[in-house]
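Colleague: I need the structure of the sequence given here:
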Amino acid sequence: MASCRNGLAGRVRPRRRRHYVVLQLLVAAAAAVVVHAGAQGGAAPSSKNGAISAIFMFGDSVVDPGNNNHRLTEARANFPPYGQDFPGGVATGRFSNGKVPGDLLASALGVKDLLPPFNDQDLELNDLLTGVAFASGGSGYDPLTSKLSSAIPSSGQIDLFSDYKKKLTALAGEEAATRVISEAAFFTVMGANDIVNNYFTFPLRRHQYDLPSYVEFLVSNAVNFTLTLTEMGARRIGFVGVPPLGCCPSQITLGGGPRGECEPLRNQASELFNTRMMQEIDRLNAQLNPDGLRFAYLDIYYNLLDLIQRPGSYGKSTNKELL
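Modeller: This next block holds a predicted model:
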């Protein structure tokens, strides 16, 4: 149950790499923002002249590299055609024809080529020292969202991070574990499944909340999730907003609007969530910056919308070539 099944974060389309232009934009923005944040006064010093030593990724299918492989869930990607462009043509559990944003981000920041799933039984000490992903396809900030897809909820991903800390401490010692976590960059990529699946596709929450109220519920959960990470040692956290969900092909169809046009209410929900999260990130920076904590909001909404509305600028004649 991906956030945009048959859409922006859903099924693999063989021979096409519709994500890569926007992913490169996201990676470049994340690298610039987080490295800059880490270099500011008050931030934890790093061992490589300001470079990030490890990456930790929390989220949904967009950044899940295989944590769902052994779960009883439909949200799995460890079978063809997934992975057909991955090194060796292997379906690793990444919801992509090749790498996912966590891999690209780790590579762009000079940490390592691939960001492995924490649930990988073959992890070695060096994998733990340089970071892992706890993301789970189908997950969200709303606990009900993960129940719909049998995914690892956001709270469960926090539990995995706690297990990671214990494992790293046992293998490398408490001092090394503390250093790795304090010098690392943390990223969270969730919210799309909450809006698309839990509010619109299966309107369970719509019977309890109007849209602004549900967004506030999600934002509150997201902030609490972020603060929990800081309590567990995170110093630099990048929060990735949700894409224009109304432009996913599945949501265009389910929304019943004109064929080929983005569904406006779902895009409105995306914008509202992103706006509120930007405001909360600003608030957290104002309150916690003196303590050396850094938060960054990373926009993906307008990059993707521009890609959809102006495909010619990205070397495509129509937006159908992006799907």
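Colleague: so what's the residue count around residue 279?
Modeller: Look at residue 279: counted by other C-beta atoms under 10 Å, it has 12 neighbours. Any C-beta I mention is one placed from the backbone N, CA and C, and that applies to glycine too.
Colleague: equivalent analysis for residue 221, please.
Modeller: 19.
Colleague: then the one 5 residues further on?
Modeller: Under the neighbour criterion other C-beta under 10 Å, residue 226 is assigned a count of 21.
Colleague: same deal with residue 228?
Modeller: There are 15 residues near residue 228, going by other C-beta under 10 Å.
Colleague: going by neighbour count, list what's buried in the helix or strand harbouring residue 148.
Modeller: Assigned by DSSP states H and E, residue 148 belongs to helix 143-149. For helix 143-149, a neighbour-count test (16 or more other C-beta atoms under 10 Å) marks 145-146, 148-149 as buried.
Colleague: and the helix or strand just after it, what does it pack against?
Modeller: Sequence-wise, the next helix or strand downstream of helix 143-149 (DSSP H and E) is helix 154-172. Secondary-structure packing of helix 154-172 (3 or more C-beta pairs under 8 Å, 6 or more residues apart in numbering; DSSP states H and E): strand 55-59, helix 125-130, helix 143-149, helix 174-183, helix 211-231.
Colleague: quick one, which of the ones you listed gets closest to residue 78.
Modeller: helix 143-149 (15.7 Å; C-beta to C-beta).
Colleague: what's that closest one in contact with?
Modeller: Residues external to helix 143-149 that are found in contact with it (C-beta atoms under 8 Å, 6 or more residues apart in numbering): 1, 73-75, 136-140, 151-156, 193-194, 197-198, 202, 204-205.
Colleague: repeat for stretch 273-291
Modeller: 42, 191, 195, 215-216, 218-219, 222-223, 226-227, 230, 239, 241-242, 293-297, 299, 301.
Colleague: output it as PDB, nothing but the C-alphas.
Modeller: The C-alpha atoms that make up stretch 273-291 are tabulated as PDB, following Å, rounded to 0.1, in the frame of the first residue of the first chain:
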ATOM      1  CA  PHE A 273       0.300  19.900   5.700                       C
ATOM      2  CA  ASN A 274       3.500  21.300   4.200                       C
ATOM      3  CA  THR A 275       2.700  24.800   5.300                       C
ATOM      4  CA  ARG A 276       2.000  23.800   8.900                       C
ATOM      5  CA  MET A 277       5.100  21.700   9.100                       C
ATOM      6  CA  MET A 278       7.200  24.600   7.800                       C
ATOM      7  CA  GLN A 279       5.800  26.700  10.500                       C
ATOM      8  CA  GLU A 280       6.500  24.100  13.200                       C
ATOM      9  CA  ILE A 281      10.100  23.600  11.900                       C
ATOM     10  CA  ASP A 282      10.600  27.400  12.200                       C
ATOM     11  CA  ARG A 283       9.300  27.300  15.700                       C
ATOM     12  CA  LEU A 284      11.500  24.300  16.700                       C
ATOM     13  CA  ASN A 285      14.500  26.100  15.300                       C
ATOM     14  CA  ALA A 286      13.700  29.300  17.300                       C
ATOM     15  CA  GLN A 287      13.200  27.400  20.500                       C
ATOM     16  CA  LEU A 288      15.900  24.700  20.300                       C
ATOM     17  CA  ASN A 289      18.600  26.300  18.200                       C
ATOM     18  CA  PRO A 290      20.400  27.600  21.300                       C
ATOM     19  CA  ASP A 291      20.700  24.000  22.400                       C
END
